[in-house]
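Asker: Here is my input; please provide its structure:
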Amino acid sequence: MSVVRPKKQLGQHFLKDQQIAHRIVVAFTDHFRGELAIEIGPGTGVLTDHLIGQSAFQFQAMDVDQESVAFLHRKYPEWKEQVLLQDFLQSSLSGAPGSIGVIGNFPYNISSQIFFKVYDHIDEVALLVGMIQKEVAERICAGPGSKTYGILSVLLQAFYDVEYLFTVEPHVFNPPPKVRSAVIRLKRNDRQKLDCDAHMFKKVVKASFQTRRKTLRNCLKGLGLSARLLEEAVFSKRAEQLSVDEFLELTKKIEEDGRNHAI
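Answerer: Sure thing, here's the model as predicted:
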């Protein structure tokens with residue numbers, strides 16, 4: 001069986017350590033109680049080996065690499081229909097049969113986009129276990145006051161309990177990346193919905209972190225806020241100083257301000 005060539009343009013770094021693969025899958029299966037597990041970027045199937053054919057959930061593997069999909073179709077001939085030539089970022093999660101779990105050694109060049117898609121489908125995605133660049137993992141898991149605390153930290157922590165599980169060294173990949181990797185787990189928390197509009201929350205958080213050194217008063221002035229609202233003390237702070245709950249309260253204030261303008 002021919003070997004799949006890692007493609008730089010797809011951000012592929014294939015995991016070759018079976019022990020780490022087992023740890024990643026256990027971190028997923030021990031917590032997943034949903035109906036559909038989706039593996040992103042299966043590559044040569046190191047994680048897929050542990051996931052395909054399980055009876056506890058339906059399984060799909062999605063990859064945009066034709067060579068990888070063809071390889072996996074030969075490797076798992078009885079499960080060809082579960083290995084799809086499909087872009088996860090373009091896939092529809094809304095019609096899934098119940099809650100979804102996402103797992104994978106995510107391609108580095110789209111890892112942030114994967115997490116933004118998960119945020120847009122919080123009602124569908126109950127669990128995520130992913131291997132990503134260490135610095136991205138630290139950013140997602142960071143708390144307020146940290147230099148790495150940012151947009152994804154706030155958005156994801158509003159709906160998920162986020163855990164940094166373990167660090168992975170470059171030599172266990174083919175080819176070895178130039179940076180260290182890490183495995184994190186996102187598990188849906190008890191917050192069913194926000195007290196504000198989720199899309200406005202995302203807009204406020206993104207705008208707040210666009211220029212980290214500026215105060216919120218400067219970062220959010222493009223939202224057309226009233227002078228009276230901008231006098232409040234919170235607008236003298238920087239984005240990294242606000243907790244998730246404080247961002248939620250800020251969004252509610254901005255929405256109320258907009259309604260008052262409309263009257």
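Asker: For Glu246, see how far away the residue lying closest to Phe235 once chain neighbours are set aside is.
Answerer: Once flanking residues are discounted, Phe235 sits nearest to Arg217: 4.0 Å by Cβ to Cβ, 6 or more residues apart in numbering. Yep, even glycine has a C-beta here, placed from its N, CA and C like the rest. Distance from Arg217 to Glu246, counting by Cβ to Cβ, to the nearest Å: 15 Å.
Asker: Okay, now the unreliable bits of this structure?
Answerer: Within the chain, the stretches with pLDDT under 70 are 1-2, 96-97, 261-263.
Asker: What residue spans form the domains of it?
Answerer: 8-188, 198-262 (automatic domain parsing).
Asker: if you compare these, which one is most tucked away?
Answerer: Among these, ranked by average contacts under mean count of other Cβ atoms under 10 Å, first place goes to domain 8-188 (a mean of 18).
Asker: quick one: contacts of the longest helix anywhere in the chain?
Answerer: As assigned by DSSP state H, the longest helix anywhere in the chain is helix 244-262. Here helix 244-262 makes contact (Cβ atoms under 8 Å, 6 or more residues apart in numbering) with 144, 154, 157-158, 194-197, 200-201, 204-205, 208, 216, 220, 223-226, 229, 232, 234, 242.
Asker: cool, and stretch 193-209?
Answerer: The set of residues external to stretch 193-209 that reach it, using Cβ under 8 Å, 6+ apart, is 119, 122, 150-151, 154-155, 158, 216, 219-220, 222-223, 239-240, 242, 247-248, 250-252, 254-255.
Asker: just checking, Asp49 touches Ala21?
Answerer: Yes - using Cβ atoms under 8 Å, Asp49 is in contact with Ala21, at 7.4 Å.
Asker: can you tell me which residues contact the residue nearest to Ala137 when sequence neighbours are not counted?
Answerer: Distances taken as Cβ to Cβ, 6+ apart place Ala182 nearest to Ala137, at 3.7 Å, with adjacent residues excluded. Applying Cβ under 8 Å, 6+ apart, one finds that Ala182 lies in contact with 131-134, 137-138, 164-168.
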